[in-house]
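Colleague: Compute the structure for the input listed below.
(6 chains)
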6 protein chains.
Amino acid sequence: MDLKEFCSRMEQIAPRALALDFDNVGLLVEPDHTEIRKVLLALDCTSITAQEAIDLGVDLLVTHHPQFFHGVKSIGFSSPITGAAALLLRHGIGHFAAHTNLDATEGGVNDTLAYLLALTDVHSIPPENIGRIGVLPSPLKLSALVKECNRVLDSHGVYTGDPDRIVSRVAVLGGAGGGDIGYAQEAGAEAYLTGEAKHSQILEARERDLPLILCGHYETEKVVLKSLLDRLQILAPDVQYHITLREKAPLLFS
Amino acid sequence: MDLKEFCSRMEQIAPRALALDFDNVGLLVEPDHTEIRKVLLALDCTSITAQEAIDLGVDLLVTHHPQFFHGVKSIGFSSPITGAAALLLRHGIGHFAAHTNLDATEGGVNDTLAYLLALTDVHSIPPENIGRIGVLPSPLKLSALVKECNRVLDSHGVYTGDPDRIVSRVAVLGGAGGGDIGYAQEAGAEAYLTGEAKHSQILEARERDLPLILCGHYETEKVVLKSLLDRLQILAPDVQYHITLREKAPLLFS
Amino acid sequence: MDLKEFCSRMEQIAPRALALDFDNVGLLVEPDHTEIRKVLLALDCTSITAQEAIDLGVDLLVTHHPQFFHGVKSIGFSSPITGAAALLLRHGIGHFAAHTNLDATEGGVNDTLAYLLALTDVHSIPPENIGRIGVLPSPLKLSALVKECNRVLDSHGVYTGDPDRIVSRVAVLGGAGGGDIGYAQEAGAEAYLTGEAKHSQILEARERDLPLILCGHYETEKVVLKSLLDRLQILAPDVQYHITLREKAPLLFS
Amino acid sequence: MDLKEFCSRMEQIAPRALALDFDNVGLLVEPDHTEIRKVLLALDCTSITAQEAIDLGVDLLVTHHPQFFHGVKSIGFSSPITGAAALLLRHGIGHFAAHTNLDATEGGVNDTLAYLLALTDVHSIPPENIGRIGVLPSPLKLSALVKECNRVLDSHGVYTGDPDRIVSRVAVLGGAGGGDIGYAQEAGAEAYLTGEAKHSQILEARERDLPLILCGHYETEKVVLKSLLDRLQILAPDVQYHITLREKAPLLFS
Amino acid sequence: MDLKEFCSRMEQIAPRALALDFDNVGLLVEPDHTEIRKVLLALDCTSITAQEAIDLGVDLLVTHHPQFFHGVKSIGFSSPITGAAALLLRHGIGHFAAHTNLDATEGGVNDTLAYLLALTDVHSIPPENIGRIGVLPSPLKLSALVKECNRVLDSHGVYTGDPDRIVSRVAVLGGAGGGDIGYAQEAGAEAYLTGEAKHSQILEARERDLPLILCGHYETEKVVLKSLLDRLQILAPDVQYHITLREKAPLLFS
Amino acid sequence: MDLKEFCSRMEQIAPRALALDFDNVGLLVEPDHTEIRKVLLALDCTSITAQEAIDLGVDLLVTHHPQFFHGVKSIGFSSPITGAAALLLRHGIGHFAAHTNLDATEGGVNDTLAYLLALTDVHSIPPENIGRIGVLPSPLKLSALVKECNRVLDSHGVYTGDPDRIVSRVAVLGGAGGGDIGYAQEAGAEAYLTGEAKHSQILEARERDLPLILCGHYETEKVVLKSLLDRLQILAPDVQYHITLREKAPLLFS
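Modeller: Residues are numbered from 1 along each chain as shown, chains lettered A, B, ... in the order given. Down below sits the predicted model:
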């Protein structure tokens, strides 16, 4: 499939207009060939996934996170900011990112989280309309909800709040959702699942008396890769896809 | 002891000039009385520690984190940003914060971390001179170092890096140290202990091949309270001190 | 009356959307109780009116000027910026401000000024639509108009312009209206009444040949309190209101 | 005297380096001739003083206030911002301004105020070093001090504070000194004389319990013209000087 | 013709709303008289055209470029920024500028360029809609197009690109059009005529493989004067017009 | 020679501290190898010089201009901004830029220009100290000076000013020096040679009565390549150097 064509299918899946202002999405590294035959899907463009892309001989590495948000003034293999992108470019492989647009889009990161928790009556959370809020199949104790999150995400989530509180209406936002605690509460959430939050945000959740569940940035986002694959196989079926096998949760437990 | 006098002893312990530009330190809420007899020490000014201060009848709540960094345009009990400060003020209790100045000062947060890990040849990490770097009593496997961190901090730390790598030179920075990974590496660190880091910072550490140990924002900073108490008992001995008993690690494990 | 309900009645009287961007309006200090029974009305939240509020045992001090415009990073009794607000909070009394929204609203500061001068054919002055312009019942010499202003406002106004010039179309803007001289002239004013103006603005009025009458910031705004009282007694009749008795014109004549 | 030479004598009297950052001082309109024979001194460059300059046939109008602070993008007779400067230029007359540098300099506006009040032990007020503080020949009731100010300045000053309070240490700052109330108090002032202040600044003075005396922007600055004349007659004696006869206090009393 | 009337005719010819944000257009120097009888047209307001205006006794100098873009804080004959404007004002002559609005307007600079090259199917170039793009009467070799440009503009143009390339669709933008190379290409241009471009912009054109023809800022804009004259003679026929005779191309060939 | 070593020799030749703030200098694209054996020198990193670098099999392309000044958020072969850098990276070749630091350094662009014109008593031009000013071996008519510039630079320079004026003191600044006309004049220049200037800058030179000679951005800078080669052959003699043969003046004459 032609590169332009592939990019326009990605645009259908995660329209650029949905991305937040600060974001950097789309074709960030141009591949050698305009013919796309093989694509690797991963959360991050790192030296690990770049090497996997090289070893697989793909034409494009499609990731959730762009390798860099801010403009770079130099490009090098040994830079932690540009190293993986340089490696890809050196091997003629492109890099395409769908980030907050993939969070926000229908069937994206947060719809996938809502689906995995079997939420019903799912809506976007204003004003950014990236997160989702919905109702659990049946009310759960907070501790049971955390267990359910960990089960569906294969995570080791931690949380604030009374383990025995019964919750029904749950907000979800994959990745770093600590800045949206107030929005989740205004939307009516009784518990809020996200990936990571800063200390001050964790305290904010407690002051607001909104239970906060943190299951890991990686864990709350990796689930989108399967959804993305499904969409791509329908919209761009001529291409051969791989979901990364080498990318793992970056943190080890002691 | 007179309030002004007490503040000047705090200035000796954690000079305001050491604080970073963005910070908000010093006397943030003025108490009713200028006579300080009883003081509560805690990491955060929250509704929990404010209530503890009220119940103990202290004159001042001294914390590591200021309740707000940015200017506030209204003050209210039900606001998660100003609620605890309003509660204190309502009861005539003051709030004093020593934050990045307490991180940076001699005998502060990071010297305490270095002491707990028994580091020798301890230096400040340029350019901010807040973190510390030093040498372990004897080289350790990374996995053993993480265990040692967890032991001295009573934490459940996670980490990146090869568990079997032998490390000797360790950087420490309590709280949110993810932005200083490059500085730690330039200073020669073979492993870097901090409280929390964002996903992109965790990946950065991995790209830099610098083992990163995350033991929790709370856990890496609460250790300063005992050090602070010791200093205050020498410099302001007429005052009665309490270390918070109600403040706990904010996150529960599932 | 419930606090939320009271705030929504104030919103009817002086909608927040009418306030200028720089302004700080609404509930600036949260009271102890959500039940509002007694309210004190004044122009300013100062140590004088705060003490009056305490002595009267009101639940809320409603003023025209907010105590602070810009965000504050600390709160204290001895600060000239936050002292009165701290005093109120210490006694469980709230502070509500309706400022440029009360200037601009129907029946607000400037409609009251127009009413007191018996102006007819009254319109808002673009582009801010805060001031008013209208026609005197009959043309007056400028010196006579100044006398009339002083009579209705109980002020000692000063002015620029030819005392014998006959004027008919008058612009009014309570408070510090020196920045709107050009707008008043463009709207067709033959004389412009405001509270205070800077030296350079006074010269500007003279260069524009627009007579400028300065009757005092306090004097041109205090008249709104009676109007506000009337509105509140209709919209929130269950509450007992007091207009400040202790607040006086701040400047003495030698 | 050559224009450059005249400018350098003005530089001696009021060095440009003393001016505040926002200011616009020096030769703002270039005269036709480089030979300066006649100069008019005034506080402001207005259509009145510009016409006086034309009628007197001077080469230069030297004023305290620059006609414009901010850059102008067009120049016209009918503009209140540039009209007087255009008039001067049209007649080949220059405009030279010495503003905050003349406030701050030795023998300038504020030294003149201190001299008129017979202050002793006179010092500059940090951090701007524009105002002055000194001690009255003998302590006075505040009301008597205001009378004395009015006598020496030929003004109708107003004030805040207890008329019977005895004051001895007085700060002075000609013009709009309302922003420096805190600095005056920190410098030890028991009363503060300035020209004008905004309502919020008047309240601030009252909250700080610092008596504030407002004698008019014009009245507190016009006294510098005689001092300036004296300096010029010594430093540039070949030039013929006029102090404006047409410039009056801009405000009339009703 | 009354000055206001004349300005409104200029507004018809080159509406102010078409000017770019950074621009400074309209009546920049106000003339002595409000009666406009004689007008000089030129590209620039310089000491040469100002002197010509004086010698011709015109009331107004109408130019394409404003003498200054940014606000000026002083005005003088000897300043290269304000000298010509000061000279005009000194002689009671006004200065009116129609710049990017004259570039963009129907019948303005770029329509004139399109007309001179006999382009057909002429459209504005998005997004600024200042330049024009159209089709040559018949395809030309690039070298022949450059010769044609030089012939109609009386210029010594230089260019990048293969002299033998055949081009048909040409973009034109008088003056400094180097920043719009990408827009011209997106609009479909096969060659791009402008006045001047920076080195990096010339390289950009080459990297984009878009032939760039540089015929001089003066040469690509002076052609508008005749068009402007024609419009004015229809819209403001009572005025006597002169096109500058003294303004020449500013650069000499060695 | 090791890459780091080579970079430190370049630092000796053109210290980074001499570069202007906006600049982007140093190693902008990291090469595959850390061993530098062959280097190509050129003014610009373009698709032409990048291809030459590939064909020559060099390890590094050292140019005067960085390929991009501002941060880039994506990298691609087909982008006019990053195309050449991408091409180099794709082939494992590095890109090193020495720009305003090479202009300013001893023996750099401007010293070379001064040398070619045989200037004596050569000094840097404040405040940026990038340009140079010196005295011709003997005074020349301006027209003769232009001819001499064209001879030594192999250029087709144009100029403003009286061809018959005799000049002796000449300022030189390679590249785009139009912004420094005032500095050149203040430094005492009687003529000013630079590469390119904008129309408004050309008029400024004329208003200042300072003859301006424009010999082309390329032509006034390409002369540094030989000087740079000489320095490198002394400081880094183990490396084999090529001066570009494919880079030509970018503009053709019609």
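Colleague: use CA for all of it now, contacts and neighbours both
Modeller: Fine.
Colleague: Roughly how far does the residue sitting furthest away from the middle of chain A sit from chain B?
Modeller: The centre of chain A is farthest from one residue, A:Asp164, which by C-alpha atoms, centre = their mean lies 29.7 Å away. Separation of A:Asp164 from chain B (C-alpha to the nearest C-alpha, to the nearest Å) stands at 12 Å.
Colleague: beta partners of the closest residue to that residue other than its chain neighbours?
Modeller: Distances taken as C-alpha to C-alpha, 6 or more residues apart in numbering or on different chains place A:Lys141 nearest to A:Asp164, at 5.1 Å, with adjacent residues excluded. Residues in a beta bridge with A:Lys141, per DSSP bridges, are A:Ile166.
Colleague: A:Lys141: what's it in contact with?
Modeller: A:163-167 (C-alpha atoms under 8 Å, 6 or more residues apart in numbering or on different chains).
Colleague: among those, which ones are buried?
Modeller: Among the contacts of A:Lys141, those classed as buried by neighbour count (16 or more other C-alpha atoms under 10 Å in any protein chain shown) are A:163, A:166-167.
Colleague: what's the burial count for the closest residue to A:Cys45 other than its chain neighbours?
Modeller: With sequence-adjacent residues excluded and distances taken as C-alpha to C-alpha, 6+ apart, A:Cys45 is closest to A:Gln67, at 5.6 Å. Close neighbours of A:Gln67, defined as other C-alpha atoms under 10 Å in any protein chain shown, add up to 26.
Colleague: How about A:Val152?
Modeller: Neighbourhood size, A:Val152 [other C-alpha under 10 Å]: 14.
Colleague: Then A:His123?
Modeller: Using other C-alpha under 10 Å, A:His123 is surrounded by 17 other residues.
Colleague: That one: what secondary structure?
Modeller: What DSSP: H, G, I helix; E, B strand; the rest coil gives for A:His123 is strand.
Colleague: which residues are there in chain A that come within reach of chain B?
Modeller: A:46-47, A:80-81, A:143, A:146-147, A:156-160, A:176, A:196, A:198-199, A:202-204, A:207-208, A:217-218, A:250-254 (C-alpha under 8 Å from any C-alpha of the partner chain).
Colleague: Any of those buried? List them.
Modeller: A:46-47, A:80-81, A:143, A:146-147, A:156-160, A:176, A:196, A:198-199, A:202-204, A:207-208, A:217-218, A:250-251, A:254.
Colleague: if you look at those, which of them are in helices?
Modeller: Cross-referencing those against helices under DSSP state H gives A:47, A:143, A:146-147, A:199, A:202-204, A:207, A:217-218.
Colleague: can you tell me the residue of the stretch 1-150 of chain A closest to chain C?
Modeller: A:Pro127 (19.0 Å; C-alpha to the nearest C-alpha).
Colleague: Once you drop chain neighbours, what's closest to that residue?
Modeller: That would be A:Tyr183: by C-alpha to C-alpha, 6+ apart, it lies 7.6 Å from A:Pro127.
Colleague: State the distance from the most centrally placed residue in chain A to chain B.
Modeller: Nearest to the geometric centre of chain A sits A:Glu221, at 3.5 Å (C-alpha atoms, centre = their mean). Here A:Glu221 is placed at a distance of 11 Å from chain B (C-alpha to the nearest C-alpha).
Colleague: Who's the closest spatial neighbour of that residue, skipping the chain neighbours?
Modeller: A:Gly174 (5.4 Å).
Colleague: which helices and strands sit right next to the helix or strand hosting that neighbour?
Modeller: Following DSSP states H and E, one finds A:Gly174 within strand A:166-176. Identification of packing neighbours for strand A:166-176 by 3 or more C-alpha pairs under 8 Å, 6 or more residues apart in numbering or on different chains; DSSP states H and E yields helix A:109-116, strand A:132-141, strand A:191-196, helix A:217-221.
Colleague: now the angle between strand A:132-141 and that strand, please.
Modeller: Orientation note: strand A:166-176 sits at an angle of 130 degrees relative to strand A:132-141 (axes from the mean of the first three to the mean of the last three C-alpha atoms, to 10 degrees).
Colleague: Which neighbouring elements make contact with the helix or strand just after strand A:166-176?
Modeller: Once strand A:166-176 ends, the next helix or strand along the chain (criterion: DSSP H and E) is helix A:181-186. If you count contacts as 3+ C-alpha pairs under 8 Å, 6+ apart, helix A:181-186 packs onto helix A:199-207.
Colleague: buried set for the helix or strand just after the helix it packs on?
Modeller: Note on helix A:199-207: by DSSP H and E, the next helix or strand toward the C-terminus is strand A:212-214. Within strand A:212-214, the residues scored as buried using 16+ other C-alpha under 10 Å are A:212-214.
Colleague: With respect to B:Ala97, which of those residues is nearest?
Modeller: A:Leu212 (26.3 Å; C-alpha to C-alpha).
Colleague: So A:Ile75 sits against A:Leu88, correct?
Modeller: No: using C-alpha atoms under 8 Å, A:Ile75 makes no contact with A:Leu88, being 11.8 Å away.
Colleague: Please identify which of those two sits among more neighbours.
Modeller: Ranked by neighbour count (other C-alpha under 10 Å), A:Ile75 and A:Leu88 place A:Leu88 first, with 28 against 25.
Colleague: May I have the secondary structure class of A:Gln233?
Modeller: A:Gln233 ends up helix, using three-state DSSP.
Colleague: quick one: it and A:Ile13, what's the gap?
Modeller: As judged by C-alpha to C-alpha, to the nearest Å, A:Gln233 and A:Ile13 stand 11 Å apart.
Colleague: who's more crowded, the two?
Modeller: A:Ile13 (20 against 13).
Colleague: Distance of that one relative to A:Arg37?
Modeller: A:Ile13 is 19 Å from A:Arg37, by C-alpha to C-alpha.
Colleague: Among the buried ones among the contacts of A:Lys141, which one lies nearest to chain E?
Modeller: Using C-alpha to the nearest C-alpha, those come closest to chain E at A:Val167, 52.0 Å.
Colleague: Settle this for me: that closest one is touching A:Ala144, isn't it.
Modeller: No: at 9.7 Å, A:Val167 does not count as touching A:Ala144 under the criterion of C-alpha under 8 Å.
Colleague: returning to what we had before: where does the residue of the stretch 1-150 of chain A closest to chain C fall, helix, sheet strand or coil?
Modeller: A:Pro127 ends up coil, using three-state DSSP.
Colleague: How about the stretch 51-200 of chain A: which residue is closest to chain F?
Modeller: Proximity of the stretch 51-200 of chain A to chain F (C-alpha to the nearest C-alpha) peaks at A:Gly71, 3.7 Å away.
Colleague: what about the closest residue to that residue other than its chain neighbours, how many neighbours?
Modeller: Computed as C-alpha to C-alpha, 6+ apart, the closest residue to A:Gly71 that is not its neighbour in sequence is F:Gly71, at 3.7 Å. Number of residues near F:Gly71 (other C-alpha under 10 Å) recorded here: 12.
Colleague: Just the angle for the helix or strand that contains A:Ile54 relative to helix B:199-207, thanks.
Modeller: If you go by DSSP H and E, A:Ile54 is part of helix A:47-56. If you take the same axes, to 10 degrees, helix A:47-56 sits at 70 degrees to helix B:199-207.
Colleague: just to revisit the earlier point, so the residue nearest to A:Cys45 belongs to a strand, correct?
Modeller: No: using three-state DSSP, the assignment for A:Gln67 is coil, not a strand.
Colleague: Lovely, talk soon.
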